[in-house]
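In: dropping the sequence and predicted coords here.
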Amino acid sequence: MPKFAAPVAHGETLSNNVDPWFATGDVASSSNIEEHGNAEDDFHHMVYDAFCPSKNDRHRNETEFAYENVGDVPNNNAQSFYDLLRALTIPLGPASNNQTLLGWLSYMLHTKAKNNISGVGYNEIIHGYKKLLSPEDQQKVPSNFYEAKKFMKSLGLGYVKIDACVNNYFLYYGDEAKSLTACPVGGEPRYKRCNSAQTGKKDRPRNSLWYLPIIPRLQRLYMSHKTAEHMTWHLKCRVDLEILIHPAQSNAWKHFDAVHPSFAADLRNVWVGLATDRFNPWDHSSRSYSCWPVFIIVYNLPPEMHM
């Protein structure tokens, strides 16, 4: 079972009177995940958690964050924070029931993903929705899916696209591989040639690996005060139950703890599993196209979250 050492900063709020690892109620048989509070307040916490300000800044008025008052021009990370914080306070008018831009945009992107709406379909919905808004509010809303993704990119969980051999023998990764035009193992060309003089298009890679960096995603689990608490659930579930509800109760997990006691001593360290399998995304056996997704499962989390 792969393992990752705990980060230095986790986002938990510590108390002198409460053990931070057992601050919640009985969660032996269930994580009891509940949603509390106002949605707008949740978005405030999401922005603050993502950019890790001090806890004393959490209740400051939004207008106090104008960088003109700080005296220094913000770096890219700070400017992204200001942009998101500003979006948090931008109302979209009566047609949106005074919804803020960030809240509405998060809902729309979530709805698109949940219902498998195409990019073209999303753009048509946005086009119709903007007709309900005043000309002033229309300028606030991203006009299409590309602009919406570009805006939300400030949250920081991107991906890396790496060229790969068409036969999956080799990844064109690293400085030495940048200049290669053919696979050093099988000799297959790296690119699908385009007549750039006529079409104006660049040569395209014949195969690509889409990599979602794991470290930023593990860090994000500790940057939110809600998910940071769930990251210690694997210990809280260890009670003598007749039914196995979590891998932490298994003999394999306990054996791993015995072999690596220093790792097991810190509850914030990350236990992960890896799963992969080849499948055809269109479910047609006659098509040769297939892909190999690789899933990283964080076993610190409750069962309903880690899967």
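Out: Thanks, I have it.
In: helices or strands up against the strand ranked longest in the chain?
Out: In the chain, taking DSSP state E as the definition, the longest strand is strand 270-276. Under the contact criterion of 3 or more CB pairs under 8 Å, 6 or more residues apart in numbering; DSSP states H and E, strand 270-276 touches strand 3-4, strand 294-298. No exception for glycine: its C-beta is placed from N, CA and C like everyone else's.
In: go through the ones you listed and find the least confident stretch.
Out: Taking the average pLDDT of each of these, the minimum falls on strand 3-4, with a mean of 53.
In: so where's the stretch 101-250 of the chain uncertain?
Out: Low-confidence regions of the stretch 101-250 of the chain, defined by pLDDT under 70, span residues 154-156, 195-200, 238-241.
In: so where do the strands sit in it?
Out: Counting by DSSP state E, counting those that start in this stretch, the stretch 101-250 of the chain forms strands over residues 160-163, 191-192, 204-205, 208-211, given from the N-terminal end onward.
In: reformat the ones you listed as TSV; add distance to residue 228.
Out: As requested, these are arranged in TSV below (distance: least, CB to CB, whole Å):
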stretch	distance to residue 228
strand 160-163	26
strand 191-192	44
strand 204-205	38
strand 208-211	25
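In: want to throw those strands into JSON lines with mean neighbour count and distance to residue 253?
Out: Below are the strands of the stretch 101-250 of the chain laid out as JSON lines (neighbours: other CB atoms under 10 Å; distance: least, CB to CB, whole Å):
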{"stretch": "strand 160-163", "mean neighbour count": "14", "distance to residue 253": "31"}
{"stretch": "strand 191-192", "mean neighbour count": "12", "distance to residue 253": "46"}
{"stretch": "strand 204-205", "mean neighbour count": "14", "distance to residue 253": "41"}
{"stretch": "strand 208-211", "mean neighbour count": "13", "distance to residue 253": "28"}
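In: which strand or helix spans residue 253?
Out: In this structure, residue 253 sits in helix 251-259 according to DSSP states H and E.
In: check which element follows that helix along the chain.
Out: Tracing the chain C-terminally past helix 251-259 and defining elements by DSSP H and E, one meets helix 261-265 next.
In: which other helices and strands contact that following helix?
Out: The elements that helix 261-265 packs onto, with contact taken as 3+ CB pairs under 8 Å, 6+ apart, are helix 251-259.
In: contacts for the helix it packs on, please.
Out: Applying CB atoms under 8 Å, 6 or more residues apart in numbering, the set of residues contacting helix 251-259 from outside is 1, 247, 263-264, 271.
In: could you export that helix as PDB, CA atoms only?
Out: The C-alpha atoms that make up helix 251-259 are tabulated as PDB, following Å, rounded to 0.1, in the frame of the first residue of the first chain:
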ATOM      1  CA  ASN A 251      -5.200  -7.500   8.900                       C
ATOM      2  CA  ALA A 252      -3.200  -6.200   5.900                       C
ATOM      3  CA  TRP A 253      -3.500  -2.600   7.200                       C
ATOM      4  CA  LYS A 254      -2.600  -3.600  10.700                       C
ATOM      5  CA  HIS A 255       0.400  -5.500   9.400                       C
ATOM      6  CA  PHE A 256       1.600  -2.400   7.400                       C
ATOM      7  CA  ASP A 257       1.300  -0.300  10.600                       C
ATOM      8  CA  ALA A 258       3.400  -2.900  12.500                       C
ATOM      9  CA  VAL A 259       6.100  -2.900   9.800                       C
END
